[in-house]
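Visitor: Next input, structure requested:
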Amino acid sequence: MVTYTTYHMNGNREDLINVLVNISPEETPMVSGFKKTKAAGKLHEWMQDELASGADGKVVEGSDATAGTIQARTRVGNYCQINRKAFQVSDSQNAPNLQKAGIGSTEYEYQLSKALKEIALDM
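Guide: Numbering: from 1, shown residues only. Sure thing, here's the model as predicted:
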């Protein structure tokens, strides 16, 4: 007598929920925190300044002020670079009527979004 189990049956439907779990939710921790500006040349420079480290600032009442030290600003820069993340999606996989689990867009749009996040992580 043959016992049919789930391992033998090819017609059983899959149990797949329509959710895509992102296992790296912190997409671009560094790039997301930086101020955005446009570069006009290959070398992009800016000025950097910082507060003096904390010190004991108490004084005796009525005492004369003394000159403190002032830290000069520094000029820093970075060279612009070109980044690329190549990918391909077949026309069949990108078809809008093809139902894909977990993504609400075309395959190309999903892969493009993922590639742009990966480029930001590379930076």
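Visitor: Please make it C-alpha for all contacts and neighbour counts, starting now.
Guide: Will do.
Visitor: Quick check: buried residues in the longest helix seen in the chain?
Guide: Assignment by DSSP state H gives helix 107-122 as the longest helix of the chain. For helix 107-122, burial by neighbour count (16 or more other C-alpha atoms under 10 Å) applies to 107, 108, 111, 112, 115.
Visitor: which of the residues you listed sit farthest apart?
Guide: The widest separation within these, taken as C-alpha to C-alpha, falls between 107 and 115 and amounts to 12.1 Å.
Visitor: Okay, now the sheet partners of the host helix or strand of residue 78, with direction.
Guide: Using DSSP states H and E, residue 78 sits within strand 74-79. According to DSSP bridges, strand 74-79 forms sheet pairs with strand 43-48 (antiparallel).
Visitor: So which bits of the strand it pairs with are buried?
Guide: Quick answer for strand 43-48: no buried residues (16+ other C-alpha under 10 Å).
Visitor: quick one: residue 106 and residue 97 touch, right?
Guide: No - the criterion here is C-alpha atoms under 8 Å, and residue 106 misses it with residue 97 at 9.2 Å.
Visitor: Does anything pack onto the longest helix of the chain? Which helices or strands?
Guide: helix 29-33, helix 91-94 (3 or more C-alpha pairs under 8 Å, 6 or more residues apart in numbering; DSSP states H and E).
Visitor: what about that helix, distance to the chain center?
Guide: Offset of helix 107-122 from its chain centre (C-alpha atoms, centre = their mean, to the nearest Å): 10 Å.
Visitor: swap in stretch 69-81?
Guide: 25 Å.
Visitor: measure it end to end?
Guide: Taking C-alpha to C-alpha, to the nearest Å as the measure, stretch 69-81 stretches 38 Å from start to finish.
Visitor: Could you pull out the buried residues of it?
Guide: Result for stretch 69-81 [16+ other C-alpha under 10 Å]: no buried residues.
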